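> Below are the sequence and a predicted model; questions follow.
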Amino acid sequence: MDSHTDTAPWYFTGLAFECTACGRCCAGPDEGYVWVTETDIKAIADYLHITPQEMRRKYVRRVGRRYSLLEFKRTHDCVFLTPESQGARTCRIYPVRPIQCRTWPFWPSNLLHPDTWAEAGARCVGINRGRCLSPEEIDERKLSTRE
């Protein structure tokens, strides 16, 4: 048996993804966490022209030893998800969005098995659409989730 086949991930032919900017990955109905690092907090604060301390006070909550962006209580949408015309929603901090957001959907939990990828695809219309990323590109994004 070919040793390359033994070590290749299940997605060895690549996976397609194209963000449709629908905002579903940023929205409820379930509560979740958008983990932010100190690097994320500083970048977002700079982008918003506020101090990191003000950023933490206005937009961040502590969860154990980690930090997460706040959500709107009623909808569980990310605090930075803003409504646009005709029902569209956009990220107010898109150019500096947290690493968790930048690496979606190439999270280790979504890449475990074709079934976990399909489950993510049931929530995200951009999965299996658009350009096919190589296994190397996918692994690069997946590894960047470990900041």
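Perfect, I can see it now. What you are looking at is a predicted structure, and each value in this text was computed from that prediction instead of being measured.
> Now do the helices in the chain.
Counting by DSSP state H, the chain has these helices, from start to end: 3-7, 38-48, 52-59, 99-102, 114-123, 135-143.
> Which residues does the second one contact?
Spelled out, it's helix 38-48. If you take C-beta atoms under 8 Å, 6 or more residues apart in numbering as the criterion, helix 38-48 is touched by 36, 51-52, 54-56, 59-60, 67, 93, 95-96, 98-99, 147. Heads up, the C-betas are built off the backbone N, CA and C, glycines and all.
> Go again with 7 Å.
Helix 38-48 is contacted by residues Thr51, Pro52, Glu54, Met55, Arg56, Val60, Ile93, Pro95, Val96, Pro98, Ile99, Glu147 when judged by C-beta atoms under 7 Å, 6 or more residues apart in numbering.
> can you put these in a markdown table and add distance to Val125 and pLDDT?
Output for the contacts of helix 38-48, formatted as a markdown table (distance: C-beta to C-beta, whole Å; pLDDT from 0 to 100):
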| residue | distance to Val125 | pLDDT |
| --- | --- | --- |
| Thr51 | 37 | 98 |
| Pro52 | 35 | 98 |
| Glu54 | 35 | 98 |
| Met55 | 31 | 98 |
| Arg56 | 33 | 97 |
| Val60 | 29 | 98 |
| Ile93 | 22 | 95 |
| Pro95 | 23 | 94 |
| Val96 | 24 | 96 |
| Pro98 | 22 | 94 |
| Ile99 | 22 | 90 |
| Glu147 | 27 | 50 |
